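K.L.:
Pasting the sequence and the predicted coordinates here, then a few questions.
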Amino acid sequence: MEYIYDMPTWMAAADLIIGRAGASTLNEIAASGTPCIIVPSPNVTDNHQEKNARVLADRGAAQIIHEADCTGQALFREAQVLLNDPARCRAMRRALLNLAVVDSAERIYGAILELAKQN
C-alpha cells in the first residue's frame, strides 16, 4: 500500500482502526468516530501514550492492548470481538464523536485574534 495522504477519509471509511496513541492520531480517530484498538507505545516520554489511550478507553471510546500483550492472535481476537458486537461499536462511535474537537482550527484562529487585539 502506498502512503495515504487523505487519512481522515480512510479512517472514516474503515470498520475498525488499529493504531498507536499519539495525541494527533487519537484526535483523528475521535473525529472519524471509527471504533478502535489502541496499542500505546511504551517507548515515549512519561508514558504519555498510555495516558492518552486511557482518556478514550475510560470513556468507552477505545479498546487498549498493551504492546507486551500485542500479538497477531490478540489483535485478531479483539478485532473479532468488536466487529461482532454492533451495539458496542455504536457506543464506541458515539463516545468518540463526543470527545472529538472538530472545530479546533476555528478555536485556534479565534484565540490568535483575541491575543492580537490585546497587543
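P.N.:
Structure received.
K.L.:
Let me see the ranges of the helices in the chain.
P.N.:
In the chain, the helices defined using DSSP state H lie at 7-13, 23-32, 48-57, 72-83, 86-99, 104-118.
K.L.:
so what does the third one touch, helix or strand wise?
P.N.:
For helix 48-57, the contact count by 3 or more Cβ pairs under 8 Å, 6 or more residues apart in numbering; DSSP states H and E identifies helix 23-32, strand 36-38, strand 63-64, helix 86-99 as packing neighbours. For the C-beta atoms, the positions are set from N, CA and C on the backbone; glycine is no exception.
K.L.:
Single out the most deeply packed of these.
P.N.:
For the helices and strands packed on helix 48-57, the largest average neighbour count (mean count of other Cβ atoms under 10 Å) is found in strand 36-38, namely a mean of 24.
K.L.:
Contacts made by that strand with the rest, please.
P.N.:
When contacts are defined by Cβ atoms under 8 Å, 6 or more residues apart in numbering, strand 36-38 is touched by residues 16-21, 26, 29, 53, 56-57, 61-65, 75, 78-79, 82, 92, 96.
K.L.:
what about burial for these, which qualify?
P.N.:
Buried subset of the contacts of strand 36-38 (neighbour count, 16 or more other Cβ atoms under 10 Å): 17, 19, 21, 26, 29, 53, 56-57, 61-65, 78-79, 82, 92, 96.
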